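Peer 1: pasting the structure only:
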């Protein structure tokens, strides 16, 4: 039996301007704070279309969009194990809006977005708000820019 897919893009043009550093990347300038206007592409899948013949009702993505903005819009993301954690936290509320995460980078951001969207869909199914209870997230791609991206597939 086949599957249906649909995609939703939150492009780099949306202005999710986020700074972070790959502190373990001691061989490159990626160990320094730098930023991107991140983009995210979600792929949804289902076995059965809803009554409108849709995979996913994109109107049901407001909570996810709010999470993206809260997490990545004009923020600085710091890995909780960054050896300069305390130094970087001194910037919070003064010159930076800090978000602390277990890990940073496009791969981890794609994974976090996948997990958040899956949580939202599960909550909609449990509450009876899901317009298509068979829909699930297939993958999330996080773009740093047009040349670099990473994909997480659950």
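Peer 2: Perfect, thanks for sending it. Since the model is a prediction, treat every value here as computed from it, not as a measurement. Residues are numbered from 1 along each chain as shown.
Peer 1: what's across from the nearest residue to residue 117 once chain neighbours are set aside in the sheet?
Peer 2: Once flanking residues are discounted, residue 117 sits nearest to residue 137: 4.9 Å by CB to CB, 6 or more residues apart in numbering. Every C-beta, even on glycine, is put in place using the N, C-alpha and C of the backbone. Bridge pairing for residue 137 (DSSP bridges) gives the partners residue 44.
Peer 1: Strands of this protein, start to end?
Peer 2: In the chain, the strands defined using DSSP state E lie at 4-10, 16-20, 34-46, 75-79, 98-101, 136-145, 148-153.
Peer 1: distance of residue 57 from residue 7?
Peer 2: According to CB to CB, to the nearest Å, residue 57 stands 14 Å off from residue 7.
Peer 1: follow-up on the earlier one: JSON lines please, covering the strands of the chain and showing distance to residue 28.
Peer 2: JSON lines is the format used below for the strands of the chain (distance: least, CB to CB, whole Å):
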{"stretch": "strand 4-10", "distance to residue 28": "27"}
{"stretch": "strand 16-20", "distance to residue 28": "14"}
{"stretch": "strand 34-46", "distance to residue 28": "10"}
{"stretch": "strand 75-79", "distance to residue 28": "16"}
{"stretch": "strand 98-101", "distance to residue 28": "21"}
{"stretch": "strand 136-145", "distance to residue 28": "14"}
{"stretch": "strand 148-153", "distance to residue 28": "13"}
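Peer 1: can you redo the ones you listed as CSV with mean neighbour count and distance to residue 116?
Peer 2: As requested, these are arranged in CSV below (neighbours: other CB atoms under 10 Å; distance: least, CB to CB, whole Å):
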stretch, mean neighbour count, distance to residue 116
strand 4-10, 16, 12
strand 16-20, 21, 14
strand 34-46, 20, 10
strand 75-79, 22, 14
strand 98-101, 16, 12
strand 136-145, 20, 9
strand 148-153, 15, 11
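Peer 1: Who are the contact partners of the residue nearest to residue 117?
Peer 2: Contact criterion CB atoms under 8 Å, 6 or more residues apart in numbering gives 42-45, 114, 117-118, 121, 154 as the residues in contact with residue 137.
Peer 1: Try it again at 7 Å.
Peer 2: Each residue near residue 137 by CB atoms under 7 Å, 6 or more residues apart in numbering is listed here: 42, 44, 114, 117-118, 121, 154.
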